[in-house]
Every structure is written in structure tokens, then in C-alpha cells.
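Colleague: When you get a sec, could you give me coordinates for this:
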Amino acid sequence: MSKTTPDTARSSAVAADWALDPADTDACERLARTLCTGGHDRVDDPEWVAGARDAWEDLPLPLRRGVRRFRRHSGPHGTLVIGGLPVDRAALPATPSVPGSVQRRASIPAAMLTMVACGLGEPLAYRAEKSGALVQDVVPVPGQETFHGNAGSVPLSFHTENGFHPHPPDYVIFLCLRADHDGIAGMRVAGIRQALPLLTPPGRQALFAPEFITTPPPSFGPAAATGEPGVRPRPVLSGAVEDPDIRMAQLVTTPLTPRATAALTEFGRACEASARTLRLTPGDLVIIDNRVTVHGRTAFHPRYDGADRWLQRTYVTTDLRRSRDHRPNDGHILAR
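Modeller: The predicted structure follows:
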């Protein structure tokens with residue numbers, strides 16, 4: 001695998017921490033194709049996921065080693081960007097432009113996402129979001145430019161994924177299939193390990209107090225705007241004082257006390273001050289440690305011509321068992 005320094009990675013068009021060698025890219029594509037043939041080609045089929053889990057073991061060693069090291073410790077930024085993954089660019093259809101777009105049939109990008117998900121843990125989805133699909137499209141949708149979610153093209157504020165839920169994902173994986181026309185769309189990431197030293201002691205103390213309500217995001221449907229009955233107050237930060245976990249979404253996290261309000265504002269400033277912007281190109285895979293990292297998006301200008309920005313996304317849990325009471329038939333979909 002070819003290496004880049006962190007500074008080079010941030011300024012380069014590829015924005016990768018490291019990239020697969022061409023021979024490893026070819027090996028990944030060959031393996032992914034084996035998951036796109038035969039009778040079982042439905043991404044949400046447990047048999048297909050089992051095939052992807054087995055196939056993970058045959059991926060090139062540099063990719064497996066890098067992902068497993070990241071799983072053990074996600075580093076100072078809580079984000080890993082790997083370049084050079086196959087996305088079968090010549091065979092890509094037009095970028096989807098309808099609400100709720102997902103990837104139900106096996107494809108090379110879907111196979112790569114699912115194999116890496118199985119290397120990190122197990123893929124996960126929520127029935128109320130994107131129909132419970134394991135591989136979801138993140139694309140601009142006409143008429144939803146100002147939507148504060150994956151279908152929009154305005155700036156998207158910092159958030160962890162599904163922090164309202166008893167079982168949020170541990171990781172979020174994105175694979176870039178197409179960049180935006182102008183090359184200006186950026187994924188913004190900010191990790192607690194960089195932001196924590198910027199907080200005042202009173203701010204940290206308040207963020208560890210259960211004085212915040214986080215409701216479902218707009219991507220969970222119209223009912224999300226009013227929240228769910230029985231949502232209990234939670235802290236924004238929890239766990240080890242020196243290396244805490246985060247549950248927060250600037251759009252849907254409400255502070256309940258004056259000190260919580262001040263602390264949330266302070267935390268937002270710390271995230272802004274420590275944020276990095278990743279400008280992805282096709283074949284870039286981004287793994288975000290959702291426990292310690294928030295992410296968002298800069299604005300961009302879709303053209304709705306079939307060649308707009310197209311990412312695919314998968315959620316991952318490191319312990320599928322802990323959500324068993326939310327998953328009918330021990331599947332990968334959280335029904336509630």
C-alpha cells in the first residue's frame with residue numbers, strides 16, 4: 001500500500017490516509033465480483049451477508065490489517081480514509097435522484113462496503129430509515145436541497161449517527177462512487193480526542209451530565225420532528241473522562257439547562273476548531289468511529305444530470321448481540 005503523510009492527505013484530491021496498491025485493488029475487485037454472481041445477489045439477504053463475511057478473510061492483507069488496527073484504536077481523529085477501492089466506474093448507472101434510494105442488488109461497491117463492515121463487526125440498519133437497507137445511497141435529491149440529511153446539498157451540521165437510539169452504530173462507512181461536479185463537496189469530521197483539550201473544565205463537566213435530549217433525525221421520517229415519547233435525557237459525553245464517547249447531533253440535540261446550553265455551544269466551537277474536511281474521489285472509503293467522532297458536510301451544487309455526487313453508506317456494530325431485542329429473527333435490521 002502507498003503511504004501519504006497526514007498533511008499531504010488533507011491537501012490532496014484523494015484525501016486518503018493511505019491507498020491500496022493497484023494489484024490489491026484488482027484483487028478486491030475480483031473478490032467483490034464473486035459476490036455479484038450466482039443465485040444469491042440480494043444485499044439484505046442473510047446468506048449474502050454471510051458470503052461477504054467469509055470473503056472478508058480473502059481480501060488483501062494490507063486492507064485487513066489497516067481496518068483491524070483501526071478497530072482496536074481509531075487514532076487521534078477517529079477516522080480512516082483508504083483510497084483505491086474498486087467501484088466499477090465504467091459500469092456505474094446514473095446517480096440515483098429519488099428519495100430513499102438504496103442498493104438492494106449486489107454490486108462491487110456494495111460488496112466492498114459489506115466485506116469491510118464484516119471486518120469491523122456486523123452490518124446494521126434501522127427499519128425507520130431508508131427502509132432498513134444495509135447499503136444506502138447518499139445522493140442529492142431534486143426539491144430536497146435544504147433537507148438536513150443525506151438527500152440535501154446545503155451544509156450538514158455535526159452529528160453522530162442515531163445517537164437517540166439505544167443501539168447507535170459503532171462505525172459508519174462511506175464509499176465514494178462519484179464526486180460532485182465542482183469538486184467542492186467536503187465531508188467534515190471532528191473527533192473528541194482533538195476537541196476535548198479545547199473545552200473548559202465546567203464545559204466538560206456539563207457535557208457529562210444527563211441534561212440533553214436527542215431526538216431522531218429527519219431521515220427517520222416526519223414523526224422524527226416531534227421526537228418519540230419517553231426519550232430520556234442523556235449526556236453528550238460518557239465513559240472515560242480522558243477519552244469519552246459522544247452522542248450528539250447539533251440539529252436534534254436540545255440542552256435542558258443553562259449550563260448545558262453553554263456547554264453545547266462550547267463543544268460546537270471546539271469541533272469547528274479541530275475539524276478536517278475530506279474531499280473524496282471515487283474509490284475512497286471512509287470509516288468513521290461513531291463513538292468518538294462527529295461528521296457533517298459542506299454545501300455543493302448538484303446538477304441532477306445523472307453524474308452527481310454519489311456515496312454509499314453502511315452502519316456497523318461491534319456487538320450484534322446487544323441489540324437482539326430490537327432485531328426480529330436475529331437479523332441485521334433494528335425494527336424499533
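Colleague: Which parts of the stretch 101-250 of the chain are helices?
Modeller: 108-120, 192-195, 201-207 (DSSP state H, counting those that start in this stretch).
Colleague: Dump these into a markdown table; add distance to residue 52 as well.
Modeller: All C-beta atoms are positioned from the backbone trio N, CA, C, and that covers glycine. Compiled in a markdown table, those are given as follows (distance: least, Cβ to Cβ, whole Å):
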| stretch | distance to residue 52 |
| --- | --- |
| helix 108-120 | 4 |
| helix 192-195 | 31 |
| helix 201-207 | 38 |
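Colleague: Would you tell me which one of those helices is buried the most?
Modeller: Of those, the one with the most neighbours on average (mean count of other Cβ atoms under 10 Å) is helix 108-120, at a mean of 26.
Colleague: next one: it to chain centre, how far?
Modeller: 13 Å (Cα atoms, centre = their mean, to the nearest Å).
Colleague: One more: stretch 125-140?
Modeller: Stretch 125-140 has its C-alpha centroid displaced from the chain centroid by 12 Å (Cα atoms, centre = their mean).
Colleague: related to what we said a few turns ago, for residue 238, find the nearest of the helices of the stretch 101-250 of the chain.
Modeller: Proximity to residue 238 (Cβ to Cβ) singles out helix 201-207 among these, at 9.2 Å.
Colleague: Which is the succeeding secondary structure element to the helix or strand bottoming out on mean pLDDT in the chain?
Modeller: Least confident helix or strand, the chain: helix 6-11 with a mean of 36, by mean pLDDT, DSSP states H and E. Going down the chain from helix 6-11, the next helix or strand is strand 18-19, by DSSP states H and E.
Colleague: Show me what that next one is packed against.
Modeller: strand 2-3, strand 79-83 (3 or more Cβ pairs under 8 Å, 6 or more residues apart in numbering; DSSP states H and E).
Colleague: could I have the host helix or strand of residue 63 exported to PDB, CA atoms only?
Modeller: Element membership of residue 63 [criterion: DSSP H and E] is helix 61-72. Extracted C-alpha coordinates of helix 61-72, given in PDB (Å, rounded to 0.1, in the frame of the first residue of the first chain):
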ATOM      1  CA  LEU A  61      -3.700  -8.300   3.900                       C
ATOM      2  CA  PRO A  62      -2.900  -4.600   3.900                       C
ATOM      3  CA  LEU A  63      -6.600  -3.700   3.800                       C
ATOM      4  CA  ARG A  64      -7.500  -6.200   6.500                       C
ATOM      5  CA  ARG A  65      -4.600  -5.200   8.700                       C
ATOM      6  CA  GLY A  66      -5.400  -1.500   8.400                       C
ATOM      7  CA  VAL A  67      -9.100  -2.000   9.300                       C
ATOM      8  CA  ARG A  68      -8.300  -4.200  12.200                       C
ATOM      9  CA  ARG A  69      -5.800  -1.800  13.700                       C
ATOM     10  CA  PHE A  70      -8.400   1.000  13.300                       C
ATOM     11  CA  ARG A  71     -10.900  -1.200  15.100                       C
ATOM     12  CA  ARG A  72      -8.500  -1.600  18.100                       C
END
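Colleague: which parts of that helix are buried?
Modeller: 62, 63, 64, 66, 67, 70, 71 (16 or more other Cβ atoms under 10 Å).
Colleague: likewise stretch 318-333?
Modeller: Those would be 320, 323, 327, 332, 333, for stretch 318-333 by 16+ other Cβ under 10 Å.
Colleague: ok, the residue nearest the centre of the chain - contacts?
Modeller: Nearest to the mean C-alpha position of the chain, by Cα atoms, centre = their mean, lies residue 172 at 2.9 Å. Neighbour list for residue 172: 161, 287, 288, 290, 295, 313, 314, 315, 316 [criterion: Cβ atoms under 8 Å, 6 or more residues apart in numbering].
Colleague: Now tabulate those residues in CSV and tack on pLDDT, neighbour count and distance to residue 133.
Modeller: CSV is the format used below for the contacts of residue 172 (pLDDT from 0 to 100; neighbours: other Cβ atoms under 10 Å; distance: Cβ to Cβ, whole Å):
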residue, pLDDT, neighbour count, distance to residue 133
161, 97, 22, 15
287, 98, 26, 19
288, 98, 28, 19
290, 98, 26, 18
295, 98, 25, 20
313, 98, 21, 10
314, 98, 27, 9
315, 98, 26, 11
316, 98, 25, 14
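Colleague: Looking at the residues you listed, which is nearest residue 94?
Modeller: residue 313 (18.7 Å).
Colleague: before we move on, which element is residue 26 in?
Modeller: helix 22-34.
Colleague: which helices and strands sit right next to that helix?
Modeller: Helices and strands touching helix 22-34, by 3+ Cβ pairs under 8 Å, 6+ apart, are helix 46-56, helix 61-72, helix 108-120.
Colleague: ok so, going back, quick check: bridge partners of the residue nearest to the centre of the chain?
Modeller: residue 288, residue 315 (DSSP bridges).
Colleague: Repeat that for residue 294.
Modeller: Here residue 294, judged by DSSP bridges, has bridge partners residue 190.
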